[in-house]
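# A predicted structure for the sequence below; I have some questions about it.
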Amino acid sequence: MGTHSSSIRSSSSAAIANIESGLKDLRAIVGEEHARPCGAEDSVDRTSPRLLLEPGTAEELASILKAATAAGLHVIPRGGGSKMEWGNAPSHANVIVSTRRLRRVLEHAHSDMTATVEAGCTIQQLQNTLAEHGQRLALDPLWPEKATIGGVLATNDSGSLRIRFGSLRDLIIGITLALPDGTLAKSGGKVVKNVAGYDLPKLATGSLGTLAVITQAVFRLHPLPRETRLISFSVPDHKAANSLVLSILDSTLVPSGLQLRFTSPARLEIDVRFEGTTAGCEEQRAQTLRLAAPATEIGCDPTIWKAPETLWNGTEPAVVAKFSLLPSALDTFLSQLSQISERLQLSSRIVAQGVGVGLLRFEAQDCAALLVAIHELRRQVESAAGSFSVLHCPAEIKSKIDVWGSAGDALQLMRNIKARFDPTGTLNPGRFIGGI
């Protein structure tokens, strides 16, 4: 017994020594001025890494991953930190690797309408640079002043512009990734029609940093709009709201934003945005007014397109979830939400885009009601071939669920891809679907 205990202590001491040695090696890569101990503010779902590193180049970042993998250390990538609560709780975490110093706009080829940018650059910084030549990245994710290119790609955070310009996977045309073995892998290029090679941009988008760490990306750009017209309507019920959304989608109108806002009890409003020439915007606005009758037009404040961000404000305990449905299924979903909210005494708010992707916040007196609501809403959405993932919830709830929901038949494929890119489980272990 004594020999066995001594063996356990010896093994444990050796493991601790290996970790300490590995952390020391990582500090040496970036220098002491760019390494610091993690504090309480760096914890991820009550998991506290030991060390935060800020590499200054893609090569340094790749070297960190290679050394961490060799030492058996687990790494959490971080950009602006605005979405660190998304995903399951990590199963292990030793090091945070921040892309804060990788924030340059490397090239704005305005004649080709492309831009190459490092992962730590914020969305707002990039937009400011592009605007100097009358261009933009046609993307409006959450918290653009803080959210970084790498973080937005890793979480696949698109916004209201998606209805006109497509999702992130449509806008990204090239990427550079630092793999856990220290390799820097590139895919795509600066030419918009380049389709050669393995499609790493689409694979990395939405992978939550579990396959590799994004170091830079290349995007296709669009001109800044010459004119913008906004309209908001108040609609009486779920059926009327869904009918108006579908009517706009089925018409010849080309909105750059179509948003439904729902607040219980039964307050429904729809926002529409058009961009283009003065004459074109006015004509589309007139068509929309004819199409929307007898809905009531109300005042529209441009800040209404920031409505998704407000869902993180309110009383706790609460859940914020992302759902994806066919637009035609929104009516049924809103009806089911109303019924569940009334039965469980929930307060709920929704901001849904016309493409069928939306965010939902619901609050309750206790976590038990929230947990029941998650299970019931997820079951309803997944039965309609949609998805329902939890972005914010109390730790008590997160410990009892997979925040992503069901991956269905795709789970084994995802595990195979993870094994190919990160066989030792260095990056964000446990945080993705099915504990990947």
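Perfect, I can see it now.
# pick out the residue nearest the middle of this protein.
The centroid of the chain falls nearest to T155 when counting by C-alpha atoms, centre = their mean (2.8 Å).
# over to it: give its phi and psi.
The phi/psi pair for T155 (degrees, to the nearest 10) reads phi -100, psi 0.
# what residues are up against it?
T155 makes contacts with 83, 86, 206, 208, as judged by C-beta atoms under 8 Å, 6 or more residues apart in numbering. Heads up, the C-betas are built off the backbone N, CA and C, glycines and all.
# and if you look at I163?
I163 sits in contact with 255-258, 353-355, where contact means C-beta under 8 Å, 6+ apart.
# for K24, state which of these is nearest.
Q353 (47.8 Å; C-beta to C-beta).
# per-residue pLDDT, the closest one?
Looking at Q353, its pLDDT reads 96.
# how about the one 3 residues further on?
In the predicted model, G356 carries a pLDDT score of 94.
# helix or strand: which one has the closest residue in space to L344 that isn't next to it in sequence?
Distances taken as C-beta to C-beta, 6 or more residues apart in numbering put A369 closest to L344, at 4.5 Å, once the chain neighbours are dropped. Assigned by DSSP states H and E, A369 belongs to helix 367-383.
# could I have the CA atoms of that helix written out in CSV?
Output of helix 367-383 as CSV, limited to C-alpha atoms (Å, rounded to 0.1, in the frame of the first residue of the first chain):
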residue,chain,number,x,y,z
CYS,A,367,-33.1,27.2,-13.0
ALA,A,368,-35.5,24.3,-13.0
ALA,A,369,-38.0,26.1,-15.2
LEU,A,370,-35.2,27.3,-17.6
LEU,A,371,-33.9,23.7,-18.0
VAL,A,372,-37.4,22.4,-18.8
ALA,A,373,-37.8,25.2,-21.4
ILE,A,374,-34.5,24.4,-23.0
HIS,A,375,-35.4,20.7,-23.4
GLU,A,376,-38.9,21.5,-24.8
LEU,A,377,-37.8,24.2,-27.2
ARG,A,378,-34.9,22.2,-28.4
ARG,A,379,-37.1,19.2,-29.1
GLN,A,380,-39.6,21.4,-31.0
VAL,A,381,-36.9,23.0,-33.1
GLU,A,382,-34.9,19.8,-33.9
SER,A,383,-38.1,18.0,-34.8
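# contacts for stretch 270-277?
So stretch 270-277 is contacted by 160, 164, 225-233, 235, 241, 244-245, 248, 253-261, 280-281, 284-285, 288, 295, 300, 304-305 (C-beta under 8 Å, 6+ apart).
# try it again with 6 Å
Applying C-beta atoms under 6 Å, 6 or more residues apart in numbering, the external contacts of stretch 270-277 come out as 225-226, 228-233, 244, 255-260, 281, 284, 288, 304.
# for PyMOL, write a command that selects the buried ones of these.
The buried residues among these can be selected in PyMOL (16 or more other C-beta atoms under 10 Å) with this line:
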select buried, resi 225+229+230+231+232+233+244+255+256+257+258+259+260+281+284+288+304
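# rewinding a little: quick one: the residue nearest to the centre of the chain from G405, how far?
Going from T155 to G405 by C-beta to C-beta, to the nearest Å gives 16 Å.
# how's this protein carved up into domains?
17-98, 105-223, 227-301, 311-421+431-436 (automatic domain parsing).
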